[in-house]
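J.: Build the 3D model from these lines:
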Amino acid sequence: MHLYDVYRNPLVAGEENVNYEDAKKIVIDALSIMGENYVSKLKEAMDNRWIDVYEKENKRTGAYSMGVFGVHPYILLNFINSSRDISTLAHELGHSMHSYYADTTQDIFNSNYTIMVAEVASTVNEILLANYQIKNEKNDLKKAFLINEQLDMFRATLFRQTMFAEFEKIVHERIEAGESLTSDNLNEIYYDLVKKYFGDITINDEDIKYEWARIPHFYSNFYVYKYATGITSAIVIASKILQKEEGFVDKYIEMLSKGGSIDSLDLLKSVGVDLEKSETYDIAFEYFKENLEELKKLL
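T.: The predicted model follows:
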């Protein structure tokens with residue numbers, strides 16, 4: 001298997017056409033575990049034009065949520081009736097709920113949450129949705145498709161972004177040590193890391209050494225690690241919600257409501273996520289392992 005074969009996704013077919021009304025219902029059902037208050041706000045967003053749903057000429061591509069202090073968040077989608085759009089809807093609503101709770105609780109100066117926690121609420125929603133869909137799917141191949149999506153999200157977000165962060169760290173350390181860097185040096189550093197992270201399981205073609213140059217995040221310093229800490233935090237939080245830990249949903253919503261008023265690490269510790277302890281990452285890797293074992297059984 002070559003490294004580029006990793007991108008032969010999905011391993012199994014499972015994408016379907018889903019209209020927006022059905023997508024809304026699935027998201028509401030999946031997130032009902034969050035309680036009445038949360039669900040009522042989701043419905044308000046869906047029913048009161050917080051969301052620009054469909055593609056149109058000259059519309060920005062992708063999906064986006066923007067908090068507007070004193071009004072409510074706005075979501076931009078490009079919904080094309082794909083089953084993947086369900087996850088996008090849940091993800092953007094996670095951002096919007098984070099903005100809503102922070103904006104209505106904090107003043108304008110403390111309402112903006114930091115980049116460190118920016119992807120947590122959105123990824124929690126994605127994981128809760130995936131768990132709901134996997135649990136309720138009767139067709140084994142469709143279930144395998146959903147599980148594979150979770151595994152690939154983990155690979156791309158925790159594993160690969162950590163590799164990116166290590167590349168960034170090495171590059172900055174060399175500059176700080178007064179060393180000069182050439183494109184050949186950068187290629188060599190990156191290629192060595194690819195071999196370190198992917199090992200003998202893939203054939204690591206030499207051309208991959210140039211990949212670093214096309215990653216836009218490397219041109220602004222120290223951003224990529226937050227993807228890895230974000231998904232780790234989201235897995236821990238979603239696990240506690242799914243286990244129905246008493247009082248945890250209220251504690252989590254209180255965390256969202258704090259916005260940027262307290263330090264990000266302390267904010268996450270308030271919901272039992274300590275990013276300075278290895279045990280936190282063990283929970284994330286256990287989640288990956290459990291899904292991988294389930295996928296093996298299904299295939």
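
J.: Tell me, what's the model's pLDDT at the residue of the chain positioned farthest from its centre?
T.: Ranked by distance from the centre of the chain (C-alpha atoms, centre = their mean), the top residue is residue 178, with 36.1 Å. As summarised for this prediction, residue 178 has a pLDDT of 96.

J.: now residue 83
T.: Residue 83 is assigned 87 on the pLDDT scale.

J.: Return the residues in contact with it.
T.: 14-18 (C-beta atoms under 8 Å, 6 or more residues apart in numbering). From N, CA and C alone the C-beta is placed, and that goes for glycine too.

J.: could I get the helix or strand containing residue 171 in PDB with only the CA atoms?
T.: Assigned by DSSP states H and E, residue 171 belongs to helix 160-176. The C-alpha trace of helix 160-176 is given here as PDB (Å, rounded to 0.1, in the frame of the first residue of the first chain):
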ATOM      1  CA  ARG A 160      -1.600  13.600  10.700                       C
ATOM      2  CA  GLN A 161      -1.900  17.000  12.300                       C
ATOM      3  CA  THR A 162       0.400  15.800  15.100                       C
ATOM      4  CA  MET A 163       2.900  14.900  12.500                       C
ATOM      5  CA  PHE A 164       2.400  18.400  11.000                       C
ATOM      6  CA  ALA A 165       3.000  19.900  14.400                       C
ATOM      7  CA  GLU A 166       6.200  18.000  14.900                       C
ATOM      8  CA  PHE A 167       7.500  19.200  11.500                       C
ATOM      9  CA  GLU A 168       6.700  22.800  12.500                       C
ATOM     10  CA  LYS A 169       8.400  22.400  15.900                       C
ATOM     11  CA  ILE A 170      11.600  21.000  14.400                       C
ATOM     12  CA  VAL A 171      11.700  23.800  11.800                       C
ATOM     13  CA  HIS A 172      11.300  26.600  14.300                       C
ATOM     14  CA  GLU A 173      13.800  25.000  16.700                       C
ATOM     15  CA  ARG A 174      16.400  25.000  13.900                       C
ATOM     16  CA  ILE A 175      15.800  28.700  13.100                       C
ATOM     17  CA  GLU A 176      16.000  29.600  16.800                       C
END
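
J.: Check the offset of it from the chain's centre.
T.: Helix 160-176 sits 21 Å away from the centroid of its parent chain (C-alpha atoms, centre = their mean, to the nearest Å).

J.: How much space separates residue 286 from residue 154?
T.: As judged by C-beta to C-beta, to the nearest Å, residue 286 and residue 154 stand 11 Å apart.

J.: In ChimeraX, how would I select just the buried ones from the contacts of residue 83?
T.: The ChimeraX command for the buried members of these (criterion: 16 or more other C-beta atoms under 10 Å) is given here:
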select :14,18
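
J.: Could I get the contacts of residue 83 in TSV, plus columns for distance to residue 111 and pLDDT?
T.: Putting the contacts of residue 83 into TSV (distance: C-beta to C-beta, whole Å; pLDDT from 0 to 100) gives the following:
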residue	distance to residue 111	pLDDT
14	39	70
15	37	75
16	38	82
17	38	88
18	34	90
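
J.: isn't residue 60 right up against residue 76?
T.: Yes - when contacts are counted by C-beta atoms under 8 Å, residue 60 is listed as touching residue 76 (6.4 Å).

J.: Show me which of these two is the more surrounded one.
T.: Counted by other C-beta atoms under 10 Å, residue 60 and residue 76 do not tie: residue 76 has more neighbours, with 16 against 9.

J.: Count the residues that sit near residue 25.
T.: 13.

J.: In terms of helices and strands, where is it?
T.: Here residue 25 sits within helix 20-31, counting by DSSP H and E.

J.: ok, and what's touching that helix?
T.: Residues outside helix 20-31 that contact it (C-beta under 8 Å, 6+ apart): 18, 38-39, 42-43, 46, 53-54, 79, 81, 85-86, 89-90, 93, 125, 128-129, 131-133.

J.: Write the PyMOL selection for whichever of those residues are buried.
T.: The command below creates a PyMOL selection of those among those that count as buried (16+ other C-beta under 10 Å):
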select buried, resi 18+38+39+42+46+53+79+85+86+89+90+93+125+128+129+131+132+133
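
J.: So which of the contacts of helix 20-31 sit within helices?
T.: Per DSSP state H, helices hold the following members of the contacts of helix 20-31: 38-39, 42-43, 46, 85-86, 89-90, 93, 125, 128-129, 131-133.

J.: which among these gets closest to residue 161?
T.: residue 125 (19.5 Å; C-beta to C-beta).

J.: quick one: the closest one and residue 89 touch, right?
T.: No - applying C-beta under 8 Å as the test, residue 125 and residue 89 come out as separate, 9.1 Å apart.

J.: quick revisit: could you single out the nearest of the ones in helices among the contacts of helix 20-31 to residue 66?
T.: residue 93 (13.0 Å).
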